[in-house]
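1. sharing a model that was predicted from the sequence below.
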Amino acid sequence: MNKTPLPQFNPGPIVLFGSGETSPSGRKIFEHVFKQLPETPQIALLETPAGFELNSAQVIGRVADFLRHRLQNFNPQVSVVPARKRNTAFSPNDPEIVEPLYQADAIFMGPGSPTYAVRQLQDSLAWHVMLARHRLGAAIVLASAAAIAISARALPVYEIYKVGEELHWKPGLDLFGAYDLPLVFIPHWNNNDGGEELDTSRCFMGQPRFAELMKMLPPDLTVLGIDEKTALIMDLPAGTCHVIGLGGVTLLHTGHQHEPPEGLPDLTGTGLAEVAEQRNGHVHQYLNGETFPLSECCPFRLPAADAGLPPKIWQRAVALRDEGKEAGETEPATEPVPSQIRSLLEERQAARARKDWTAADHLRDQIAALGWQVLDTPQGPRLERSA
């Protein structure tokens with residue numbers, strides 16, 4: 001049987017939560033991601049960011065229970081990867097511990113310490129396998145500490161907020177460095193746990209301290225603040241970012257020469273206008289449902305598929321991927337779904353939820369006119385390229 005050659009480089013979505021990954025809003029975000037995965041998806045939960053805590057198994061176990069019960073319609077097969085600490089029985093360099101990552105359709109990391117996660121994962125087997133699987137189509141889902149850890153510069157939240165160290169940054173895992181995207185992510189952007197007495201926005205730093213921290217960053221970095229119970233979904237092949245959740249995303253665009261957008265938001269009292277001016281930039285803000293191009297951050301490129309990866313790890317990841325495809329010969333080669341099509345599908349789902357069948361049928365026709373068909377399955381709608 002002749003089969004279409006499988007693409008070797010088709011990176012999956014990257015999902016960054018500001019917080020609330022196990023909340024009702026988090027469930028909707030996971031549903032959005034799971035609809036793009038194979039039926040009965042393999043989900044690997046990487047325990048590393050919380051690996052220093054005595055109850056790290058319980059921390060990641062709560063996420064596992066949430067996925068198994070709250071997203072049971074997708075029948076996710078959840079594996080916990082207890083890669084807690086180097087040079088221990090639970091090392092991120094232990095092949096047996098890391099093995100589930102090779103089979104994952106989605107990989108999740110969440111709460112804990114950003115700087116601890118960086119120390120344990122930098123140049124580790126777990127990190128390299130995670131990158132290889134992502135470049136072969138697996139989704140990467142990151143929340144809280146993990147979103148900070150994968151930045152070009154990681155904010156040492158515990159060290160500053162809890163211990164009282166001087167303001168500083170640490171080198172991050174720089175997930176987007178291979179794409180020429182110098183990005184820093186700040187979850188909990190709009191946190192207000194401190195109430196009227198204490199400013200805990202900007203991931204517990206507060207506005208004055210965050211303004212000082214911004215001065216310490218290299219001039220070409222772009223900062224993305226993600227509100228709580230909100231996620232930023234990045235589609236690298238399509239070059240787009242999509243915001244889902246109860247809040248929004250703030251992009252501190254610094255050191256890039258292009259005209260600022262019209263209708264900039266009123267930044268009175270936020271300190272952001274001053275920070276942007278100091279860094280020869282301006283501020284973008286995007287709310288739930290809005291999509292913006294990755295080029296708003298800075299120019300980017302798709303690297304060679306195996307760039308920066310040890311050859312043996314890349315070759316094994318490709319071989320296992322191809323073995324899985326061989327086992328299901330009737331499954332067609334996947335193609336990235338454009339963000340426009342995904343947005344239309346979400347509108348159709350909303351129309352069906354409110355029983356507006358006329359609107360739902362019209363949206364299905366719009367999708368078909370753009371060369372895609374909607375297949376309604378027990379796991380939810382699935383998109384396929386029209387013949």
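-> The structure has been received and is ready for your questions. Numbers count the residues shown, from 1 in each chain.
2. quick check, pLDDT for the residue nearest to residue 223 when sequence neighbours are not counted.
-> Of all residues not flanking residue 223 in the chain, residue 252 sits nearest, at 4.1 Å (Cβ to Cβ, 6 or more residues apart in numbering). Yep, even glycine has a C-beta here, placed from its N, CA and C like the rest. Per-residue pLDDT puts residue 252 at 86.
3. helices and strands around the helix or strand hosting residue 252, which ones?
-> According to DSSP states H and E, residue 252 maps onto strand 248-254. The elements that strand 248-254 packs onto, with contact taken as 3 or more Cβ pairs under 8 Å, 6 or more residues apart in numbering; DSSP states H and E, are strand 222-226, strand 230-235, helix 272-278, strand 281-287.
4. which residue ranges of the stretch 151-300 of the chain form helices?
-> Counting by DSSP state H, counting those that start in this stretch, the stretch 151-300 of the chain has helices at residues 157, 201-204, 207-215, 272-278.
5. what's the third one packed up against?
-> Counting contacts by 3+ Cβ pairs under 8 Å, 6+ apart, helix 207-215 is packed against helix 201-204, helix 272-278.
6. and the longest one, what's its mean pLDDT?
-> Mean pLDDT, taken over the full extent of helix 272-278, equals 64.
7. show me what counts as buried in the longest helix anywhere in the chain.
-> Determined from DSSP state H, the single longest helix within the chain is helix 311-327. By neighbour count on 16 or more other Cβ atoms under 10 Å, the buried set for helix 311-327 is 313-314, 317-318, 321.
8. between those residues, which is nearest residue 124?
-> The shortest approach to residue 124 among these belongs to residue 313, at 10.8 Å (Cβ to Cβ).
9. still on that earlier bit, which of the helices and strands packed on strand 248-254 comes out lowest on mean pLDDT?
-> Here the lowest mean pLDDT among those goes to helix 272-278, at a mean of 64.
10. quick check: which element contains residue 373?
-> Residue 373 is part of strand 372-377 when elements are defined by DSSP H and E.
11. check what pLDDT the closest residue to residue 199 other than its chain neighbours gets.
-> Distances taken as Cβ to Cβ, 6+ apart put residue 206 closest to residue 199, at 3.6 Å, once the chain neighbours are dropped. Looking at residue 206, its pLDDT reads 94.
12. try the one 5 residues further on
-> As summarised for this prediction, residue 211 has a pLDDT of 89.
13. kindly provide the distance from the residue nearest to residue 223 to residue 130.
-> The gap separating residue 252 from residue 130 is 27 Å, by Cβ to Cβ, to the nearest Å.
14. compare the two (neighbour count), which wins?
-> Taking other Cβ atoms under 10 Å, residue 252 and residue 130 do not tie; residue 130 has more neighbours (27 against 22).
15. contact partners for that one?
-> Listed by Cβ atoms under 8 Å, 6 or more residues apart in numbering, the contact set of residue 130 reads 46, 101, 107, 140.
16. look up phi and psi at it.
-> The phi/psi pair for residue 130 (degrees, to the nearest 10) reads phi -60, psi -40.
17. could you do residue 366 as well?
-> Main-chain dihedrals, residue 366, degrees, to the nearest 10: phi -60, psi -40.
18. tell me how far the nearest residue to it once chain neighbours are set aside lies from residue 139.
-> In space, and not counting its chain neighbours, residue 366 is closest to residue 344: 5.6 Å by Cβ to Cβ, 6+ apart. Distance from residue 344 to residue 139, counting by Cβ to Cβ: 20 Å.
19. neighbour count: the two, which is higher?
-> Between residue 344 and residue 139, counted using other Cβ under 10 Å, residue 139 has the larger neighbour count: 24 against 19.
20. how about the contacts made by that one?
-> Here residue 139 is in contact with 12-15, 33, 36-37, 105-107 (criterion: Cβ under 8 Å, 6+ apart).
21. what do you get for residue 104?
-> Contacts of residue 104 (Cβ under 8 Å, 6+ apart): 42-44, 79, 133, 138.
22. just the element for it, please.
-> Going by DSSP H and E, residue 104 is not in any helix or strand.
23. low-confidence bits of the stretch 251-387 of the chain, can you list those?
-> Residue ranges of the stretch 251-387 of the chain with pLDDT under 70: 254-281, 325-336, 353, 377-381, 387.
24. at 50 instead, please
-> 329-333, 378-379 (pLDDT under 50).
25. returning to what we had before: which ones among the contacts of residue 130 map onto helices?
-> residue 101.
26. where exactly do the strands run in the stretch 51-200 of the chain?
-> For the stretch 51-200 of the chain, strands defined by DSSP state E, counting those that start in this stretch occupy the ranges 77-81, 106-109, 139-143, 153-154, 170-171, 183-186.
27. could those go into CSV alongside mean pLDDT?
-> Compiled in CSV, the strands of the stretch 51-200 of the chain are given as follows (pLDDT from 0 to 100):
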stretch, mean pLDDT
strand 77-81, 95
strand 106-109, 98
strand 139-143, 98
strand 153-154, 98
strand 170-171, 97
strand 183-186, 96
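28. for residue 218, find the nearest of those strands.
-> Nearest to residue 218, of all these, is strand 153-154, at 7.9 Å by Cβ to Cβ.
29. pull the contacting residues for the nearest residue to residue 179 once chain neighbours are set aside.
-> Once flanking residues are discounted, residue 179 sits nearest to residue 300: 4.8 Å by Cβ to Cβ, 6+ apart. With contact set as Cβ under 8 Å, 6+ apart, residue 300 has these partners: 176, 179-181, 236, 239, 294.
30. least confident pick among these?
-> Note: of those, the lowest pLDDT belongs to residue 294, at 83.
31. count of neighbours near residue 77?
-> Residues within reach of residue 77, counting by other Cβ under 10 Å, total 16.
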